[in-house]
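Asks: Attaching a predicted model along with its sequence, questions to come.
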Amino acid sequence: MRGLFDHVHRPRWMPGNGGLALHTILVDHTDNQRIYIAISAGGIYRTNDGGLTWTAQNQGIRAMTMPDKYPEFGQCVHKIVMQPDRPGRLFLQSHWGLFRSDNGAENWLDIGNGVPSDFGFAMLTHRRNPDCVYIIPVESDEFRCACDGRLRVYRTRNAGASWEPLFRGLPQKRAYETEVNVL
């Protein structure tokens with residue numbers, strides 16, 4: 001994809017602790033020319049022309065280590081998912097928050113209220129419910145284990161307005177598991 005390789009931002013993407021990885025590619029099944037990518041320390045980019053040109057789609061995503069807390073690019077995105085029945089709706093887990101977009105990543109809304117930590121990597125949408133997403137928060141950047149030593153999956157059924165912990169069958173004492181990224 002020359003359009004991405006030659007993008008004007010590329011020389012200024014700065015690797016984080018996980019390097020500089022393009023880790024997620026989402027193709028809009030209603031328009032296969034629209035593709036979203038997530039770069040670990042670059043942010044979200046979208047093409048509407050099959051990869052010829054790319055635009056940064058990070059409006060509203062925090063980057064706490066940067067002078068401008070809401071830069072055009074440079075966000076440390078950990079995971080992005082698209083709801084299959086509603087391709088304009090995306091959810092994002094970054095280094096500093098949980099976010100939702102309802103307009104094809106034009107802007108992002110913070111939906112991290114109600115979880116013990118908005119840091120994490122695992123995120124999954126429900127196949128049929130566009131308001132339902134699952135995450136596994138971890139304590140922090142410094143301590144990447146289950147929050148409070150209790151392994152819980154958090155679910156929202158209202159697009160991030162509130163979250164509920166799911167823990168039946170999961171260890172709730174001294175459970176310092178490190179999460180595994182799920183597809």
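Replies: Ah, there it is. Numbering: from 1, shown residues only.

Asks: drop to CA atoms for contacts and neighbour counts, all remaining ones
Replies: OK.

Asks: Toward the C-terminus, what is the element adjacent to the least confident helix or strand in the chain by mean pLDDT?
Replies: Ranked by mean pLDDT, DSSP states H and E, the weakest helix or strand in the chain is strand 119-125, scoring a mean of 85. Per DSSP states H and E, the first helix or strand lying C-terminal to strand 119-125 is strand 133-138.

Asks: What helices and strands are in contact with that next one?
Replies: For strand 133-138, the packing partners by 3 or more CA pairs under 8 Å, 6 or more residues apart in numbering; DSSP states H and E come out as strand 119-125, strand 153-156.

Asks: what is the orientation angle of it with strand 119-125?
Replies: Angular relation of strand 133-138 and strand 119-125 on a 0 to 180 degree scale: 160 degrees, by axes from the mean of the first three to the mean of the last three CA atoms, to 10 degrees.

Asks: hang on, the earlier thing: please convert the helices and strands packed on strand 133-138 to CSV, extending it with mean neighbour count.
Replies: Compiled in CSV, the helices and strands packed on strand 133-138 are given as follows (neighbours: other CA atoms under 10 Å):
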stretch, mean neighbour count
strand 119-125, 23
strand 153-156, 21
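
Asks: Looking at the ones you listed, which is nearest to M1?
Replies: Evaluated with CA to CA, these place strand 119-125 nearest to M1, the distance being 25.9 Å.

Asks: for that closest one, packing partners?
Replies: Based on contacts counted as 3+ CA pairs under 8 Å, 6+ apart, the elements that strand 119-125 packs against are strand 77-82, strand 90-94, strand 133-138.

Asks: picking up where we left off before, tabulate the CA atom coordinates of the least confident helix or strand of the chain in CSV.
Replies: Output of strand 119-125 as CSV, limited to C-alpha atoms (Å, rounded to 0.1, in the frame of the first residue of the first chain):
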residue,chain,number,x,y,z
PHE,A,119,-6.2,0.3,29.8
GLY,A,120,-6.2,-3.0,28.0
PHE,A,121,-5.9,-4.8,24.7
ALA,A,122,-8.7,-7.3,24.3
MET,A,123,-11.9,-6.1,22.8
LEU,A,124,-14.7,-8.0,20.9
THR,A,125,-18.0,-6.9,19.5
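
Asks: That one versus strand 77-82: what angle between them?
Replies: Between the axes of strand 119-125 and strand 77-82, defined by the same axes, to 10 degrees, the angle is 10 degrees.

Asks: Strands along this structure, start to end?
Replies: Assigned by DSSP state E, the chain shows strands spanning 22-27, 35-39, 43-47, 55-56, 77-82, 90-94, 97-101, 109-110, 119-125, 133-138, 153-156, 164-166.
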